[in-house]
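Q: Sequence plus the predicted model coming up.
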2 protein chains.
Amino acid sequence: MGLVVQKYGGSSVADAEGIKRVAKRIVEAKKNGHQVVVVVSAMGDTTDELIDLAGEVSPMPSGREFDMLLTAGERISMALLAMAIKNLGHEAQSFTGSQAGVITDSVHNKARIIDVTPGRIKSSVDEGNIAIVAGFQGVSQDKKDITTLGRGGSDTTAVALAAALDAEVCEIYTDVDGVFTSDPRVVKKARKIDWISFEDMLELASSGSKVLLHRCVEYARRYNIPIHVRSSFSGLKGTWVSNEPQGNQPMEQALISGVAHDTSEAKVTVVGVPDKPGEAAKIFRAISDAEINIDMVVQNVSAATTGLTDITFTLPKTDGKKAIGALEKTRAAVGFDSLRYDDQVAKVSLVGAGMKTNPGVTATFFEALSGAGVNIELISTSEIRISVVCRADDVNEAVRAVHTAFGLDSDSDEAVVYGGTGR
Amino acid sequence: MGLVVQKYGGSSVADAEGIKRVAKRIVEAKKNGHQVVVVVSAMGDTTDELIDLAGEVSPMPSGREFDMLLTAGERISMALLAMAIKNLGHEAQSFTGSQAGVITDSVHNKARIIDVTPGRIKSSVDEGNIAIVAGFQGVSQDKKDITTLGRGGSDTTAVALAAALDAEVCEIYTDVDGVFTSDPRVVKKARKIDWISFEDMLELASSGSKVLLHRCVEYARRYNIPIHVRSSFSGLKGTWVSNEPQGNQPMEQALISGVAHDTSEAKVTVVGVPDKPGEAAKIFRAISDAEINIDMVVQNVSAATTGLTDITFTLPKTDGKKAIGALEKTRAAVGFDSLRYDDQVAKVSLVGAGMKTNPGVTATFFEALSGAGVNIELISTSEIRISVVCRADDVNEAVRAVHTAFGLDSDSDEAVVYGGTGR
């Protein structure tokens, strides 16, 4: 049997009991004959406590020092986890990101991995140790400074190490049983997905599903590392994310993977934009210069009588104020009439590679929304996704209606097959 | 002006306020034109909290992992300190022991420094930064594992860096104003010492004075690095420890540097040891094999009638049980009668290079103890120290009597000069 990389998040190692429970699970994998490399996050609230401390000494902490501070969190959890494993009679060694060869660029607080040179990890597991590696951190290639990878960084560490070590699988342990067809807090009948393709998982991640971040899935897809998302609390099988189904999983991909929703975005409409070449470019250049990432963009055909059009886009609510400021400055140059800002919206997305070849998906989707009395404000599609923006108040109703309409509810046996006139 | 190394202990950086206060003091030294390298300990109780956490996951934590765990403490304090300095408008960078080039042997939890290669620190200060270095930690030469230096390790880090960087002075900031002629908690009239030689400081440190540890002073003496021990709370000058007095300090060394006491030791007497070659060696080999460090050793002349003698030694109370166990195993081989163990004892030591050339010191010392009604159980001397063991209950009285007898009390102007018949 080969090497597995396991990643445990902060909620799995929140206290001494959690660390001991995780240690037992790791030892089981070792007993089963695997070489085991473990990536661990900081314990529970440690990172938040360190951030608070930084706020007490400086209103604008330096990026380099902030990273030095935060990486103390994983140092604590990984050393404790190694101790707990050794206490079960197995050999374990902990390694910082730097020691594990996680080489990054120099962008503090959100560094990107540019290389992984896991020589020490390889030697350690070859000597029979379980290697415990600090997630979320690396060392910069040029200055040799400690860096952190930003949100979801530990998952990315795990996938990057799995790729560098040619692991069989990267197991991401979390506090839920896997990836679900929808958010179980909203849709009580949401089903755990046994297998999902990288592509569908990427669409779900960018549509509001929080189990795996886009960045980590993208990395796994590039290096073709199967991810197994599962609970560190239960012993259940979770969700496999990979190119091809594993083992005795169904070979045929489900029509629809899931229904995601996202309430973190706001909608901006630029009203009365002259419909001539270059106007839209000026608007989006202003947004880009303000370092704001936008999501959906919609432009209607212009009214023939006025020669004016409206451009609407969505963006993170947290960037709303900045965007409006940046746009106001371009008003004269672009010559638009007014701006509308609306943060009481939500996005509902249907994701599934099956929709490429199954006509009628779009129709069923809109019928479901209509049946639930949900008004659609924007529509945007990709090859394997349809997204709509609706009122925030309607989002739960919308998600449940779509989930049911596509036969995803857990009391139905299989995803249904649609006929119809294409989407 | 040259480079200064400043060291701040855990009580000086116990919270955000302490860190900000220390940052101001560091910036002052920088403004005065010095290059500044700062060595910092973990905040307040951090280390104890981490030790407790380790105890919760494993009764016998591995040395390697324990070091990985504990070094998180300095990582937190140094990053926060660098942030606080930058917040005052000065550039600062923090470095781990490994980044600072503190190379040690591989003995976890009590590693010894074998080399310091401070290239990154030198570059950082040459670029105008204040460099903040984690105390107490290094990296092992052979395995590149994180190590800790054991008790008082941060002071040793500071002196070692000062030596490697050819610093003008190593300033040790603490929560007292300097080295005193005796423990001010016992002797209200204890005086701060302005200057003390390395030799006298070494004797004080090994006689119970806790301001500086023996190991750190020994290192400073070897590389001739002046130490300035002072308070991080007051702005007062403290105590200089060096080969020669600094600046306008008195050129002539005081007769007596101080009176130290130590209540951490116990007394073991091996009764009825056959007075023939090799018996004492067997006893001390047994103690040594148990890795116990002993302090004073006294053997009386044997009684002519029996050919038996008693051997008495002192050792840390914490090693008492282990010592008795080790000795019991040698009883048959050595053939002694019995063992006596007494941990209700204390050691009082008078330290001063002046006593070498001033007769009468010993007589005055014993007269003072006698006048205070203190019974002497053991006596041991070096060239610049006299130590006695007495009842623990008598120790404060004994220290005060000796302190007064040698004119060390703060309301007298100068140390008195003694005549008499030699010691």
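A: That came in fine, so what should we check first?

Q: Distance from whichever helix or strand A:A131 is part of to the middle of the chain?
A: For A:A131, the element it lies in under DSSP states H and E is strand A:130-134. On the basis of Cα atoms, centre = their mean, to the nearest Å, strand A:130-134 sits 23 Å off its chain's mean C-alpha point.

Q: What is the neighbour count of A:A333?
A: 11 (other Cβ atoms under 10 Å in any protein chain shown). Every residue, glycine included, has its C-beta placed from N, CA and C.

Q: again but with A:P61, I slipped
A: 24.

Q: One more: A:K321?
A: 11.

Q: so what's the backbone phi/psi at it?
A: phi -60, psi -40 (degrees, to the nearest 10).

Q: Up against chain B, what does the stretch 101-250 of chain A have?
A: A:R120, A:K144, A:I146 (Cβ under 8 Å from any Cβ of the partner chain).

Q: Which ones among the residues you listed map onto helices?
A: Members of these lying in helices (criterion: DSSP state H): A:R120.

Q: quick one on the thing from earlier: which elements pack onto the strand holding A:A131?
A: The helices and strands touching strand A:130-134, judged by 3 or more Cβ pairs under 8 Å, 6 or more residues apart in numbering or on different chains; DSSP states H and E, are helix A:16-31, strand A:35-40, helix A:72-87, strand A:92-95, helix A:119-126, helix A:153-164.

Q: Pairing partners for that strand, with directions?
A: Using DSSP bridges, strand A:130-134 pairs in its sheet with strand A:35-40 (parallel), strand A:92-95 (parallel).

Q: Now do the longest one and helix A:16-31, the angle between them.
A: With axes from the mean of the first three to the mean of the last three Cα atoms, to 10 degrees applied, the angle from strand A:35-40 to helix A:16-31 works out at 160 degrees.

Q: Contacts for strand A:35-40, please.
A: Strand A:35-40 has contacts (Cβ atoms under 8 Å, 6 or more residues apart in numbering or on different chains) with A:2-8, A:13, A:26, A:29-30, A:74, A:77-78, A:81, A:121, A:125-126, A:130-135, A:154, A:157-158, A:161-162, A:165, A:167.

Q: going on from that strand, what's the next piece of helix or strand?
A: Following strand A:35-40 toward the C-terminus (DSSP H and E): helix A:46-57.

Q: returning to what we had before: starting at the chain centroid, how far to the helix or strand following the strand holding A:A131?
A: Once the chain leaves strand A:130-134, the next helix or strand it forms, by DSSP H and E, is strand A:137-140. Put simply, strand A:137-140 sits 21 Å off its chain's centre (Cα atoms, centre = their mean).

Q: Run through who's touching strand A:137-140.
A: A:67, A:70-71, A:74, A:96-98, A:102-106, A:111, A:113, A:145-149, A:153, A:157.

Q: Name every strand pairing with that strand and say which way it goes.
A: Strand A:137-140 has these strand partners (DSSP bridges): strand A:102-104 (parallel), strand A:146-148 (antiparallel).

Q: May I see those organised as a markdown table, with mean neighbour count added?
A: Shown next, in a markdown table, are the strands paired with strand A:137-140 (neighbours: other Cβ atoms under 10 Å in any protein chain shown):
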| stretch | mean neighbour count |
| --- | --- |
| strand A:102-104 | 27 |
| strand A:146-148 | 29 |
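
Q: Need these in CSV (columns: distance to A:T318).
A: Output for the strands paired with strand A:137-140, formatted as CSV (distance: least, Cβ to Cβ, whole Å):
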stretch, distance to A:T318
strand A:102-104, 25
strand A:146-148, 20
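
Q: wait, is A:G97 part of a helix?
A: No. The assignment for A:G97 is coil, going by DSSP: H, G, I helix; E, B strand; the rest coil, so no helix is present there.

Q: Tell me what angle the strand holding A:A131 forms with helix A:153-164.
A: Angle of strand A:130-134 versus helix A:153-164, following the same axes, to 10 degrees, is 130 degrees.

Q: Dump strand A:130-134 to PDB, keeping only the CA atoms.
A: The C-alpha trace of strand A:130-134 is given here as PDB (Å, rounded to 0.1, in the frame of the first residue of the first chain):
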ATOM      1  CA  ILE A 130       4.400   9.300  10.700                       C
ATOM      2  CA  ALA A 131       5.200  12.800   9.500                       C
ATOM      3  CA  ILE A 132       3.100  15.700  10.900                       C
ATOM      4  CA  VAL A 133       3.300  18.800   8.800                       C
ATOM      5  CA  ALA A 134       2.200  22.300   9.700                       C
END
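
Q: Touching that strand from outside, list them.
A: Outside strand A:130-134, the residues touching it (Cβ under 8 Å, 6+ apart) are A:26-27, A:30, A:36-40, A:71, A:74-75, A:78, A:81-82, A:85, A:90-97, A:100, A:102, A:121, A:124-125, A:157, A:161.

Q: Kindly supply the PyMOL command isolating those of these that are buried.
A: Only the buried entries of the contacts of strand A:130-134 go into this PyMOL selection, using 16 or more other Cβ atoms under 10 Å in any protein chain shown:
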select buried, chain A and resi 26+27+30+36+37+38+39+40+71+74+75+78+81+82+85+90+92+93+94+95+96+97+100+102+121+124+125+157+161
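
Q: can you list the strands paired with strand A:130-134 in CSV and add mean pLDDT?
A: CSV is the format used below for those (pLDDT from 0 to 100):
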stretch, mean pLDDT
strand A:35-40, 98
strand A:92-95, 97
